[in-house]
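**Student:** just the structure for this:
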Amino acid sequence: MLFVAALAVCCASALAAGGYHGNPREVVFPGPISSRSNGGAAAAAPDNQLVRSLELAKQINRVQSVEEFYKLINVIPSELSYSVGFTDRFGGAERSNAIVAKQAVCMPELQVVPVLENPDPAAVYYPSCVRIKRCGGCCNHELLSCQPTATEIRNYEIHVTKIEEDLGQYNAFKEIVPLEEHTACKCHCKVKEKDCSEKQYYSEHECRCICKNLDEEDKCRQQNEKKYWNASSCSCQCRKVEECSTGFFFDQNLCSCKPLPISRHWFSDERRTGYNFRQPTGKPKETPPVIVTLDASDPRRKHKEDPEYK
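**Tutor:** Coordinates of the predicted model:
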């Protein structure tokens with residue numbers, strides 16, 4: 001019996017009864033980020049559907065066998081059958097030769113790690129990388145990741161070689177490099193409280209940051225044709241931003257181009273330079289000229305010889 005196909009069928013039958021939305025044929029249980037993303041009313045209550053999917057994913061991460069998985073979702077394995085699409089593509093021989101898939105649980109496992117994050121490009125290191133235990137595995141939910149809960153620092157001795165250009169020979173020496181080893185792992189939220197902005201608060205049960213300004217979100221969703229709610233910035237934004245021609249600007253409130261406003265200060269009496277803009281002809285006013293008297297004794301008016309011809 002192919003475990004992957006059976007897993008898909010049992011997830012569809014078990015979760016559909018609970019009102020779960022999404023693709024039932026996926027092994028991962030992402031669920032929608034929020035019920036309000038479909039235009040629902042704003043509410044301070046948590047997204048129960050999202051919380052349930054996260055709880056189910058965490059329970060599956062502790063499952064050690066196929067039997068435990070079926071017991072968790074309350075499905076009898078003998079009542080399962082292959083999907084129609086799988087039966088059409090493969091015959092009985094292919095199904096009998098299928099390998100039962102095994103869950104890659106979240107645990108410390110050997111991974112290739114470079115000995116230095118910022119190595120000297122003029123040097124050669126041996127070894128340049130080592131295998132050390134780091135957290136790895138899947139967590140059955142897009143909002144969870146395998147993270148270390150306990151670590152140890154281990155010192156590794158490596159050899160470094162540099163060429164001496166003046167002497168034309170290699171110079172070798174040893175170096176001690178500390179590397180972090182993961183000794184225990186667990187599935188935790190990818191989004192942390194430090195990732196939330198001032199406009200958001202952290203919901204650990206939902207593994208996400210939630211906007212505080214719920215009233216603005218409700219008003220934004222009422223303008224769904226032109227605007228959408230950006231949950232990352234907690235702001236209402238236009239769905240389409242246009243490039244406006246000269247003399248126009250893009251109005252973020254109306255989501256369209258509007259003419260630039262003309263300030264009355266531009267045409268105040270002090271800035272009209274003697275022109276009467278209220279007259280159709282635009283003729284200048286009959287204002288007397290301004291006469292500025294010059295002082296002959298002003299030293300700035302005295303003749304100065306050119307230093308070149310002294």
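**Student:** surely Lys240 is in contact with Cys255?
**Tutor:** Yes. Look at Lys240 against Cys255 with C-beta atoms under 8 Å: they come within range, at 7.0 Å. C-betas here are computed from N, CA, C, even on glycine.
**Student:** between these two, point out the one with more neighbours.
**Tutor:** More neighbours surround Cys255 than the other of Lys240 and Cys255, with 18 against 8 (other C-beta atoms under 10 Å).
**Student:** excluding sequence neighbours, find me the nearest residue to that one.
**Tutor:** Nearest-residue entry for Cys255: Cys238, 3.9 Å, with adjacent residues in sequence omitted and distances by C-beta to C-beta, 6 or more residues apart in numbering.
**Student:** OK, contacts around the one you found?
**Tutor:** Cys238 makes contact with 226-227, 252, 255, according to C-beta atoms under 8 Å, 6 or more residues apart in numbering.
**Student:** got the confidence number for it?
**Tutor:** In this model, Cys238 is scored at 95, pLDDT.
**Student:** same deal with Val66?
**Tutor:** You'll see Val66 listed with a pLDDT of 84.
**Student:** what's the neighbour count on it?
**Tutor:** 17.
**Student:** what backbone torsions are found at it?
**Tutor:** Main-chain dihedrals, Val66, degrees, to the nearest 10: phi -70, psi -40.
**Student:** same question, the one 3 residues further on
**Tutor:** Comment: the main-chain dihedrals of Phe69 come out as phi -60, psi -50, following degrees, to the nearest 10.
**Student:** look up the closest residue to it, ignoring the ones flanking it.
**Tutor:** Val63 (4.9 Å).
**Student:** what about that neighbour, distance to Pro119?
**Tutor:** Distance from Val63 to Pro119, counting by C-beta to C-beta, to the nearest Å: 41 Å.
**Student:** tell me where the stretch 51-200 of the chain has strands.
**Tutor:** 107-114, 123-126, 129-136, 144-164, 169-189, 200-203 (DSSP state E, counting those that start in this stretch).
**Student:** in the sheet, who's paired with Ile163?
**Tutor:** Taking DSSP bridges, one obtains Tyr170 as the residues bridged to Ile163.
**Student:** okay, now it: neighbour count?
**Tutor:** Ile163 has 12 neighbours, counted by other C-beta under 10 Å.
**Student:** hmm, it is touching Asp120, no?
**Tutor:** No. Using C-beta under 8 Å, Ile163 is not in contact with Asp120; the gap is 11.9 Å.
**Student:** just give the number of residues close to Glu68.
**Tutor:** By other C-beta under 10 Å, 12 other residues sit near Glu68.
**Student:** quick check: the closest residue to Tyr156 other than its chain neighbours vs Cys129, distance?
**Tutor:** Closest residue in space to Tyr156, ignoring its immediate chain neighbours: Val177 at 5.0 Å, by C-beta to C-beta, 6+ apart. Distance, Val177 to Cys129, using C-beta to C-beta: 11 Å.
**Student:** between those two, who's got more neighbours?
**Tutor:** Val177 (15 against 11).
**Student:** can you check the pLDDT for the more buried one?
**Tutor:** 96.
**Student:** what's the answer for the one 3 residues further on, then?
**Tutor:** Reading off the per-residue confidence, Glu180 sits at a pLDDT of 97.
**Student:** cool, and Arg272?
**Tutor:** So Arg272 comes in at 54 (pLDDT).
**Student:** next, count neighbours for Glu242.
**Tutor:** By other C-beta under 10 Å, neighbour count at Glu242 equals 11.
**Student:** wait, it sits on Phe249?
**Tutor:** No. Counting by C-beta under 8 Å, no contact exists between Glu242 and Phe249, whose distance comes to 10.5 Å.
**Student:** shared neighbours, these two?
**Tutor:** Counting by C-beta under 8 Å, 6+ apart, the shared contacts of Glu242 and Phe249 are Cys257.
**Student:** and Cys234, how many residues sit next to it?
**Tutor:** Residues within reach of Cys234, counting by other C-beta under 10 Å, total 20.
**Student:** so it makes contact with Gln200?
**Tutor:** Yes. With contact defined as C-beta under 8 Å, Cys234 reaches Gln200; the gap is 6.2 Å.
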